[in-house]
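Student: okay, predicted coordinates and the sequence, questions at the end:
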Amino acid sequence: MVGRGNKPSALAATPGLAPQPTVTFSSDNSRVTAELPTGESVEILLYGATVISWKDSKGDEKLWVSSAAKLDGTKAVRGGIPLVFPVFGPPPASGHPTSSLPQHGFARTSVWEFLGKSTSESNPTSGDASGSANAADLSVKLDFGLSAASLTAEVRELWPYKFNLIYSVTLNRENLTTSLVVTNDDDKPFESQVLLHTYLRVNDISSVSISGLASSTYIDKVANASVGTQTADTLSIASETDRVYTTPNGASDVVTVSEGGKTRYTVARDNLLNVVVWNPWTEKAAGMGDFEPKEGYKNMLCIEPGSVGTWQTLEPGDAFEGAQTITIPL
Ligand SMILES: O=P(O)(O)OC[C@H]1O[C@H](O)[C@H](O)[C@@H](O)[C@@H]1O
């Protein structure tokens, strides 16, 4: 997808130095896009700070987005990387401060502020003798913010805490990192959960195998929340799958998604203990109005790093940071 509005601008080269490879960037009041000189690109909607596109240098899309997804701010985006905060799934029926919130909270349905962009070079010594950076080493970081003050009055009433979220999306040649910092700006503690609801694109779900979850316990939401332990080294998807892996300390913090025996993605978690694996399969996909094409479940797999097994309590002034890095083989 292509950004609308402002004409794309190249990030300025530093005066006096040799010309630098440039990151192409554009933003308007609905979305932000950036493209590396090597061709990789990312696109983020301000609605939900939802990453809706991540392409490699050949222009191949890595994320799955439904063709019926609403991108106009009327509904959480079905696809890409919606952000889940402050509650994962349906909130507790009553008695919890999140109980009045909708499923997955309000971060994915609120309009975020674009805070700015920065570029960096991962290997500053690799450029040429003139001081020009090596285009292959450039990365771009895009920062987004959401705080209580920018919520609608209606949402603020449903969850009456002062908080600050900073969401950073960093793109380089071989990976995409998305990182969320939650700060308690209130004078009382609050409990929250966070999750990065990533819809990865695959060619054919029947050839996909997922590793990195062996010996982890999980809650199987398809089987009445029964608790299981994964004994096999890999997981294949052949029916509706909705599991919250609790991956206790010591378990692998990398999930690998292979297709036809080849690594397609590795998803590394930083300070996010849990990972949800979700594929709606035929019936659930058929029941979602914004899930198109209906056969699209064959081309997607949600690997969702999060902190959702328990509530994360933040004292006033404290912050919690969690991140994922999704790597593609070059
Ligand atoms: O339909 P949504 O609110 O976007 O939720 C989509 C899915 O999100 C997660 O993966 C949950 O584990 C699923 O139970 C849920 O169906």
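Tutor: The structure has been received and is ready for your questions.

Student: which helices and strands does the helix or strand that contains residue 176 pack with?
Tutor: Applying DSSP states H and E as the criterion places residue 176 in strand 175-184. For strand 175-184, the packing partners by 3 or more CB pairs under 8 Å, 6 or more residues apart in numbering; DSSP states H and E come out as strand 50-55, strand 163-171, strand 190-196, strand 300-314, strand 319-327. C-beta here means a position set from N, CA and C on the backbone, and glycine is covered the same way.

Student: could you rerun that using 6 Å?
Tutor: Secondary-structure packing of strand 175-184 (3 or more CB pairs under 6 Å, 6 or more residues apart in numbering; DSSP states H and E): strand 163-171, strand 190-196, strand 319-327.

Student: do you know which of those lies nearest residue 204?
Tutor: Taking CB to CB, strand 319-327 is the member of the helices and strands packed on strand 175-184 nearest to residue 204, at 19.4 Å.

Student: who touches the closest one?
Tutor: With contact meaning CB atoms under 6 Å, 6 or more residues apart in numbering, strand 319-327 is reached by 174-183, 194, 196, 265-272, 305, 307, 312, 314.

Student: the strand holding residue 176 vs strand 163-171, what angle?
Tutor: Using axes from the mean of the first three to the mean of the last three CA atoms, to 10 degrees, the direction of strand 175-184 lies 170 degrees away from that of strand 163-171.

Student: partners of strand 175-184 in the sheet?
Tutor: Sheet partners assigned to strand 175-184 using DSSP bridges are listed as strand 163-171 (antiparallel), strand 319-327 (antiparallel).

Student: which residues touch it?
Tutor: With CB under 6 Å, 6+ apart, strand 175-184 has contacts from 54, 164-170, 190, 194, 196, 314, 316, 318-327.

Student: so where's the stretch 1-150 of the chain shaky on pLDDT?
Tutor: Residues of the stretch 1-150 of the chain meeting the criterion pLDDT under 70: 1-21, 124-132.

Student: what about the strands in it?
Tutor: Secondary structure of the stretch 1-150 of the chain (DSSP state E, counting those that start in this stretch): strands located at 9-10, 24-27, 31-35, 41-45, 50-55, 83-84, 113-121, 138-147.

Student: which stretch among those strands approaches residue 258 most closely?
Tutor: Closest of the strands of the stretch 1-150 of the chain to residue 258 is strand 50-55, at 18.9 Å (criterion: CB to CB).

Student: right, and the ligand sits closest to which residue of the chain?
Tutor: Proximity of the chain to the ligand (CB to the nearest ligand atom) peaks at residue 278, 3.4 Å away.

Student: what is the burial count for residue 97?
Tutor: Residues near residue 97, counting by other CB atoms under 10 Å, number 18.

Student: where does residue 248 land on pLDDT?
Tutor: Per-residue pLDDT puts residue 248 at 69.

Student: what does stretch 295-311 rub up against?
Tutor: Here stretch 295-311 has contacts from 64, 88, 191, 193-200, 202, 205, 246, 255, 267, 269, 272, 274-276, 278-281, 285, 322, 324, using CB under 6 Å, 6+ apart.

Student: flag every residue of the stretch 101-250 of the chain that's near the ligand.
Tutor: Residues of the stretch 101-250 of the chain lying close to the ligand by CB under 6 Å from any ligand atom are 103, 104, 221, 242.

Student: most neighbours of all these, which one?
Tutor: That'd be residue 104 among those, by other CB under 10 Å, with 22 neighbours.

Student: out of everything not next to it in sequence, what's closest to that residue?
Tutor: Spatially, and ignoring its direct neighbours in sequence, residue 104 is nearest to residue 84 (4.5 Å; CB to CB, 6 or more residues apart in numbering).

Student: ok, that neighbour - contacts?
Tutor: 104, 105, 195, 197.

Student: burial count for the last one?
Tutor: In this case it means residue 197. Per other CB under 10 Å, the neighbour tally for residue 197 reads 23.

Student: got it, and residue 49?
Tutor: The number of residues packed near residue 49 is 30, by other CB under 10 Å.
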